[in-house]
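Engineer: What shape does this take:
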Amino acid sequence: MLKSKTFVKKTRSGGVLKVVREHYLRDDIWCGSEVCTECKQDSTVLQRDACIESSLCPYPHYLVPDTNVVLHQIDVLEDPVIRNVIILQTVLQEVRHRSAPVYKRLKDIIHEQGRHFYTFTNEHHRETFIEREPGESANDQNDRAIRVAVKWYSQHLKTPESGPDGLKVVLLTNDQGNKLKAEETVDEYIKSLIGNPELVDCLALSNDDKNEITSSKVLFPEHLPLSKVQAGIKSGSFLQGTFRASRDNYLEATVFVQGEGEDSTEVLIQGLQNLNRAVHQDVVAVQLLPKNQWVAPSSVVLQDDGAAKDDNVDEDEEEKVLTGALTETARRATGKVVGIIKRNWRPFCGMLNVSQIKESTRHLFTPADRRIPRIRIETRQASTLAGQRIMVAIDGWPKDSRYPNGHFVRSLGAAGEKDTEEEVLLLEHDVPHQAFSQAVLSFLPKMPWSITPEDMAQRQDLRHLTVCSVDPPGCTDIDDALHCRELENGKLEVGVHIADVSHFIRPGNALDKEAANRGTTVYLCGKRIDMVPELLSSNLCSLRSNVERFAFSCIWEMNHKAEILKTRFTKSVINSKASLTYAEAQMRIDDANKNDDITESLRGLNKLAKILKKKRIENGALTLSSLEVRFHMDSETHDPIDLQTKELMETNSMVEEFMLLANISVAQKIYEEFPESALLRKHPAPPPSNYDILIKAAKSKNVMIHTDSAKALADSLDGAKVDGFQYFNTLLRILATRCMMQAVYFCSGMDSDFHHYGLASPIYTHFTSPIRRYADIIVHRLLAVAIGADSTYPDLMDKHKQSALCNNLNYRHKMSQYAQRSSVAFHTQLFFKTRGILNEKGFVLFVRKNAIIVLIPKFGLEGTVFFDSKDKASPNLVFDEEGPTLKVEQHTFHIFDQVKVTISLDDSNIQHQKIRMALIEPVIPGVSVPAPEAEPQAKKRKLDR
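Structural biologist: Numbering: from 1, shown residues only. Next up, the predicted model:
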């Protein structure tokens, strides 16, 4: 049967177009139930005995959720208890239109066979199709369509033997109109589930509940409606930007406003009223305050971890600490949030603060991420959840509530346990870490795999070369291998051979999409989250010794001054002669008795690398420093038993030089061939103000730092020395690293500034690590097309798609770095847990208004020494921003001062365990603490035995 839908739409030119769509109605759309005898269906989804123990619906029943229930209560629907659910086409389409993430979650549930979720195409079924009535809104039409479908199901499944307790169809809704005509509201239904009382906690709050929880006092200004916000942005009275909450101060945030091209500005927001219920990463509209109300960023470290504040808390009292002496220069553009354009809420990990009121079901949840406000939730299982890491979603933030309202999603396990904390760390940094799906694994090569004669015909045979790899100990994903040999003409041939991952991962298949989404391998302490399945990362693509492997080779002919005479690229087959660690390679180079081919090749490479490095530094490349630590794990418990900073050897530098050279050579080639769609990497020069802290710090030791160019900075750093203070230069380089911008991937057709500041190179890309970085796979594909070794595909040449891909890669790369740092921090805490109180020498890295930040070189550890504690009277503090210096009683602290501190683990707050530092030296009466006894050492020896 054919129906037609007619509607009019406005064209770009302002005309009106009548659109007629044909809509087919059918008789052969089946109901999907085992009970049904009428439908001629081959297989069914909905079960005959659809029993969920419910005091409200004691009979067998199918559930039909309406759109709002799916959108707001997806956490409930994901629970395995909820089975035999009919998802109507009307609901599915509306959910798809309104929320892509919820739509994906719903589709995943529908595909789970054990859940018995059935999709019913009600809009094409002759008996459930409805036409829009005159004056009826689209929303009302959808509601009516849902009711009609439920009614049809109820009658269709009625059989003579079904009786009063037979199978029923229950519509779940929270819509007022439907409530009156429906059987159950979702809240009442979930509360009626006898066997699963914990599901109630997963309910998102409805508007009625939100009103109950809040107080009558309005705490925040009303958000402007979107129409006013858009008009304000258009007229320039409001700015649109991303809200970034401060980690150190919950009463402060900045809004990052993206301008034209590279320009961007930051607006400072201070105080609860001005923050106006915005949450980290929301897209907001801000209004600038008059200039006389502009303020400076607060130097106070302030955390919202006291007792739960009531809604009628005295805000002025809370914000008193923000006010400070303001110099004209320190003031920044300051504003207030007037509206929310897009909420970027996600489920947050954290812990429950159980309410002090006995029998209370309302509790505050403290997120692990300090930038997220605490969330008020209702739960009846608080005693079970205390001490556990849980996930909570925000439902809303009314203007008369001090905190947002939310609901419990799931428990992750006991806090402080390694597996739980690792899961929290991965979820909080948005690292995709689920097992690879069958669809992804189906694109892996079938085992046993071997190189065929057809493969050999397409590649250059380099198996005879003395190729070897040099990597950190325990490395199984070996991306790169090197060789160096003398040619008959007296010149040198140097090759960098990179795993040919793009041979195995073909564009657009499920394996490729998964790798593109993950973007990078994430290395945690003692664990690796692979970008590609292990069969590739640790086997077929890994350039292990004494096995034949596909490679993409970059081969140069050089003279003995390391000048490149010729460069060529080829797909090849290699057979690595040795997989060495940095230390093993170093020992071979240094051992005069060894003269085998591998050692000679390494010596040749090392000699050239030193020349290349010297040239690079002369060009203005920066040698910066950051302390990396290495944990020695207990083989039984996998807990850290020793912690030391990583030592770099000559061989680290040797490998690095040739990787840089290969990356630059490949960048030149792909940009030459594809000026519009080459994937490159740039490192922007920092704005001059970034260097203020570095210049001030050096000045405090009478050293001048010039920052007009990378070369000027590099030369200043090389010459920066202070007699009797050996570590000064390393500290300066650590500080200089903090001044740098983030290096980013970009598409050559979308940008004009290609320069890499840190490497002082006009062009750069990533080619040498395709097992662990997706950017390198794209670069391999571009290079393969450039040399005629592979065919192209549309997305590779589309600069807009390349640019969107770069955005994801930059995001994943940044998140993986944060996740790695968090993992190091967690393992550092595990290490100090068994150590009691240690005392160590350290250096002041930064000076704050009420604290100094101290670096302990021995452990590569940073910590804060606070001078104002809640439990004792504060000493006399004078902070000078110009220095910057902090005078505590009679002693003045400058950056780079040497101090002695105690280090211990403060686990009083199990969620935010932190390394506590207290001052031993210099001795300041009433402030510093006595040095601890040497007793913890005994404890340590016992542990290591």
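Engineer: show me the contacts for G863.
Structural biologist: Shown in contact with G863 (CB atoms under 8 Å, 6 or more residues apart in numbering): I853, V854, I856, V901, I903, K914, I915, R916, M917. Yep, even glycine has a C-beta here, placed from its N, CA and C like the rest.
Engineer: rerun at 7 Å
Structural biologist: By CB atoms under 7 Å, 6 or more residues apart in numbering, the contact set of G863 is V854, I903, I915, M917.
Engineer: Need the worst-confidence member of the residues you listed.
Structural biologist: Checked by pLDDT, the contacts of G863 have I915 as the lowest-scoring entry (81).
Engineer: That one: how many residues sit nearby?
Structural biologist: For I915, the tally of surrounding residues (other CB atoms under 10 Å) stands at 19.
Engineer: Please tell me how far it sits from T864.
Structural biologist: 9 Å (CB to CB, to the nearest Å).
Engineer: And the helices in the stretch 201-350 of the chain?
Structural biologist: 207-213, 226-235, 272-275, 315-319 (DSSP state H, counting those that start in this stretch).
Engineer: Check the stretch 451-600 of the chain too.
Structural biologist: Here the stretch 451-600 of the chain has its helices, by DSSP H, counting those that start in this stretch, at 453-458, 501-504, 510-518, 534, 582-590, 597-618.
Engineer: And those: which comes nearest H800?
Structural biologist: Proximity to H800 (CB to CB) singles out helix 510-518 among these, at 15.4 Å.
Engineer: helices or strands next to the closest one in the packing?
Structural biologist: helix 438-441, helix 774-786 (3 or more CB pairs under 7 Å, 6 or more residues apart in numbering; DSSP states H and E).
Engineer: any idea how far the first one is from the chain center?
Structural biologist: Meaning helix 438-441. When distances are taken as CA atoms, centre = their mean, to the nearest Å, helix 438-441 is centred 24 Å away from the chain's centroid.
Engineer: what's it packed up against?
Structural biologist: By 3+ CB pairs under 7 Å, 6+ apart, helix 438-441 packs against helix 510-518.
Engineer: confidence score at A368?
Structural biologist: On the pLDDT scale, A368 is placed at 86.
Engineer: So what does it have for phi and psi?
Structural biologist: When read as degrees, to the nearest 10, the backbone of A368 gives phi -70, psi -30.
Engineer: Next: V424.
Structural biologist: V424 adopts backbone torsions of phi -60, psi -50, taken as degrees, to the nearest 10.
Engineer: what's the neighbour count on the closest residue to it other than its chain neighbours?
Structural biologist: Spatially, and ignoring its direct neighbours in sequence, V424 is nearest to C349 (4.5 Å; CB to CB, 6 or more residues apart in numbering). Per other CB under 10 Å, the neighbour tally for C349 reads 25.
Engineer: My understanding was that Y671 contacts S748; is that so?
Structural biologist: Yes - if you go by CB atoms under 7 Å, Y671 and S748 touch, sitting 5.7 Å apart.
Engineer: list residues touching both of the two?
Structural biologist: By CB under 7 Å, 6+ apart, the residues touching both Y671 and S748 are A678, L680.
Engineer: count of residues packed around L905?
Structural biologist: 19.
Engineer: Wait, a strand at it?
Structural biologist: Yes - with DSSP: H, G, I helix; E, B strand; the rest coil as the criterion, L905 is assigned to a strand.
Engineer: any chance you could map the strands in the stretch 201-350 of the chain?
Structural biologist: Along the stretch 201-350 of the chain, the segments classed as strands by DSSP state E, counting those that start in this stretch run 239-245, 252-258, 264-270, 283-288, 335-342, 348-353.
Engineer: Also the stretch 551-700 of the chain?
Structural biologist: Applying DSSP E, counting those that start in this stretch to the stretch 551-700 of the chain gives strands spanning 564-575, 578-581, 629-633, 640-645, 679-682.
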